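Enquirer: what follows is a predicted structure for the sequence shown.
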Amino acid sequence: MDTNTTPNHEPEAHLPPRVARALREAYAAPEVPEGLGEVLRTEFGRHGGRGREWRGRRLIWASAGMAASVLVGVMVIRVVWPPATVGVSPQPLAMNMPSTGEASSRREMAAADAAPSGEKTDAAKLAFEGPAGGSGGAELGEGVAVPGSPVVAEPGRSLADRSTGRFGSSSVSNVADPMLKAALSRQVGDLDESGSVDVLDAMLLAIRVRDGLAKKDLSGGLIEDLNRDDSIDRLDVETILRQVVRVEGAG
Amino acid sequence: MNAIAGLILFASSLFGPPRPEQTHTRVLSVDIVMDSGDQPLGAYQVEFTVARDGSKPPRVMAVEGGEAAAFAASPRYDAKAVRGGRLILAGFSLEAEENLPKGRTRVARVHLRVEGPGPQPTATARAMVAGNGRAERIEASAEATVAADVTGTIGRADHDGWGKARIDRPR
């Protein structure tokens, strides 16, 4: 047995020097009492050292602090680097039309072809924006927050304005081609092309559904599929009827 | 002790739930009649308005269908607009043309609840569009006529709209 080695005072060896010194001074002892040192070491290790327990309130406050830090960081980043403006296009080409990108492209080409060569760009823009400075675009729904602003096409969007539930119409009075004008001015749900959506359109669709004559639109989309569920059935008739009887400002 | 109990009873009588208030309520039934002449009526869309001078418009309690079998079902209307005094009623029938009504026919009956004394409400109907059995537009007119005017006293707290009122409907 080695008796010359320095006795290893276990509690003091595991305590920080400042703590051990303070304990020695407090107890006026050359060494930290063994039992006291063990208790202090345990408590220090649990609450005072690096191995803190993340429980209860400590965990809640720490999480809140981290979340607040992340939030502040995100806000600072957004201030320093503002996000790019969404929905603004230097060349607005299509309005909120019920079509895929391919169909929109066909309309753009048709509008451009309908105008004289020198005015192709302006005619194409007019066809989809309405008269300059007018509110033709503003009637189209949620994509048009600012009256008169261009509307950017978004493939797959609903035909109806989701905020008001109404179908939109476009102002195409400047389009020269009568066929193109008729096609563009046709309201969604106006199956009999009377210029307005009424109960006769719902009845016409109901007859087509009953007789199995529901047809596809020339542009490639299902023009009678008003609720966009990829099927033409009585639910589309209901959609028209709801639109027909809707009273503005009610509810 | 009795004094405290009496005080509690007195306070509860002051702040307790109100007793059912008796109010003067009338139920007005208005027929919507379409006249399509010699054309069969297959579809209609009517704007119905009701107004009352000096007070808010009567509330629409219910909308019934018409007298013809083709329009026996209730027409479509905006349920959110029952208090606004304006409704758009629409209906169509896919029956064969020989089963569709011609001439004057009642397509709907609107039941109104008129609260309190006051002038008689005025109801009007305007034909927005009408069609035949093939969904083709036809000329037609619409009018609103009072079918029943029932005066009753209905307790506000326990009424069910029809409870104590006696309704005489024309046969």
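Expert: The structure has been received and is ready for your questions. Numbers count the residues shown, from 1 in each chain, chains lettered A, B, ... in the order given.
Enquirer: number of residues surrounding B:T105?
Expert: Other residues near B:T105 come to 19 when the count uses other Cβ atoms under 10 Å in any protein chain shown. Glycine gets a C-beta too; all of them are placed from N, C-alpha and C.
Enquirer: wait, does the host helix or strand of it contact chain A?
Expert: Assigned by DSSP states H and E, B:T105 belongs to strand B:104-115. No: residues of strand B:104-115 are not located near chain A by Cβ under 8 Å from any Cβ of the partner chain, the shortest gap being 11.5 Å.
Enquirer: pull the CA atoms of that strand into PDB?
Expert: Only the C-alpha atoms of strand B:104-115 are listed here, as PDB (Å, rounded to 0.1, in the frame of the first residue of the first chain):
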ATOM      1  CA  ARG B 104    -100.000  32.200 -65.100                       C
ATOM      2  CA  THR B 105     -98.500  29.900 -62.600                       C
ATOM      3  CA  ARG B 106     -97.200  30.300 -59.100                       C
ATOM      4  CA  VAL B 107     -93.600  29.400 -59.000                       C
ATOM      5  CA  ALA B 108     -92.800  30.200 -55.400                       C
ATOM      6  CA  ARG B 109     -94.400  31.400 -52.100                       C
ATOM      7  CA  VAL B 110     -92.400  33.500 -49.800                       C
ATOM      8  CA  HIS B 111     -93.300  33.700 -46.100                       C
ATOM      9  CA  LEU B 112     -92.300  36.900 -44.300                       C
ATOM     10  CA  ARG B 113     -92.200  37.700 -40.700                       C
ATOM     11  CA  VAL B 114     -93.300  41.200 -40.000                       C
ATOM     12  CA  GLU B 115     -92.400  42.500 -36.500                       C
END
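Enquirer: other SSEs contacting it?
Expert: strand B:22-35, strand B:43-51, strand B:59-64, strand B:86-92 (3 or more Cβ pairs under 8 Å, 6 or more residues apart in numbering or on different chains; DSSP states H and E).
Enquirer: just put the ones you listed in CSV and tack on mean neighbour count.
Expert: Converted to CSV, the helices and strands packed on strand B:104-115 look like this (neighbours: other Cβ atoms under 10 Å in any protein chain shown):
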stretch, mean neighbour count
strand B:22-35, 20
strand B:43-51, 23
strand B:59-64, 18
strand B:86-92, 25
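Enquirer: buried sites along the strand holding B:T105?
Expert: Residues of strand B:104-115 classed as buried by neighbour count (16 or more other Cβ atoms under 10 Å in any protein chain shown): B:T105, B:R106, B:V107, B:A108, B:R109, B:V110, B:H111, B:L112, B:R113, B:V114, B:E115.
Enquirer: just confirm the second one contacts B:D31, I think it does.
Expert: Yep, that's B:R106 we're talking about. Yes: B:R106 lies in contact with B:D31 (Cβ atoms under 8 Å); the separation is 5.0 Å.
Enquirer: residues in contact with A:L213?
Expert: When contacts are counted by Cβ atoms under 8 Å, 6 or more residues apart in numbering or on different chains, A:L213 touches A:I207.
Enquirer: quick check, it in a helix?
Expert: No: looking at A:L213 with DSSP: H, G, I helix; E, B strand; the rest coil, it is coil, so not inside a helix.
Enquirer: now do it, the pLDDT please.
Expert: A:L213 carries a pLDDT value of 77.
Enquirer: re the thing from before, following the strand holding B:T105, which helix or strand shows up next?
Expert: strand B:122-131.
Enquirer: next, count neighbours for B:E67.
Expert: Using other Cβ under 10 Å, B:E67 is surrounded by 16 other residues.
Enquirer: so what pLDDT did it get?
Expert: pLDDT, B:E67: 92.
Enquirer: kindly confirm my reading that it is in a helix.
Expert: No: the assignment for B:E67, made by three-state DSSP, is coil rather than a helix.
Enquirer: what stretches of chain A score poorly on pLDDT?
Expert: Within chain A, the segments meeting pLDDT under 70 span A:1-12, A:37-38, A:40-54, A:82-186, A:215-224, A:251.
Enquirer: so how far is A:S231 from the residue of chain B found nearest chain A?
Expert: Closest approach of chain B to chain A (Cβ to the nearest Cβ) occurs at B:K80, with a separation of 3.0 Å. When distance is defined by Cβ to Cβ, to the nearest Å, B:K80 is 28 Å away from A:S231.
Enquirer: in three-state terms, label the residue of chain B closest to chain A for me.
Expert: B:K80 ends up helix, using three-state DSSP.
Enquirer: what is the burial count for it?
Expert: Using other Cβ under 10 Å: B:K80 sits among 12 other residues.
Enquirer: from what I can see it touches A:A250, true?
Expert: Yes: B:K80 lies in contact with A:A250 (Cβ under 8 Å); the separation is 4.3 Å.
Enquirer: now do stretch B:136-150: distance to the chain's middle.
Expert: Here the centre of stretch B:136-150 is set off from its chain's centre by 13 Å, with Cα atoms, centre = their mean, to the nearest Å.
Enquirer: where does chain A come near chain B, residue by residue?
Expert: A:192, A:194, A:198-200, A:202-204, A:206-207, A:210, A:241-242, A:244-247, A:249-251.
Enquirer: ok, the buried residues of strand B:104-115 vs B:S55, which is closest?
Expert: B:E115 (8.0 Å; Cβ to Cβ).
Enquirer: OK, contacts around the closest one?
Expert: Here B:E115 is in contact with B:T23, B:H24, B:T25, B:S55, B:P58, B:R59 (Cβ under 8 Å, 6+ apart).
Enquirer: tell me what the residue positioned nearest the centre of chain B is bridged to.
Expert: Nearest to the mean C-alpha position of chain B, by Cα atoms, centre = their mean, lies B:H111 at 2.3 Å. For B:H111, the beta-bridge partners under DSSP bridges are B:S29, B:A62.
Enquirer: hang on, it packs against B:M61?
Expert: Yes: using Cβ under 8 Å, B:H111 makes contact with B:M61 at a distance of 4.6 Å.
Enquirer: what touches both of those two?
Expert: Common neighbours of B:H111 and B:M61 (criterion: Cβ under 8 Å, 6+ apart): B:V27.
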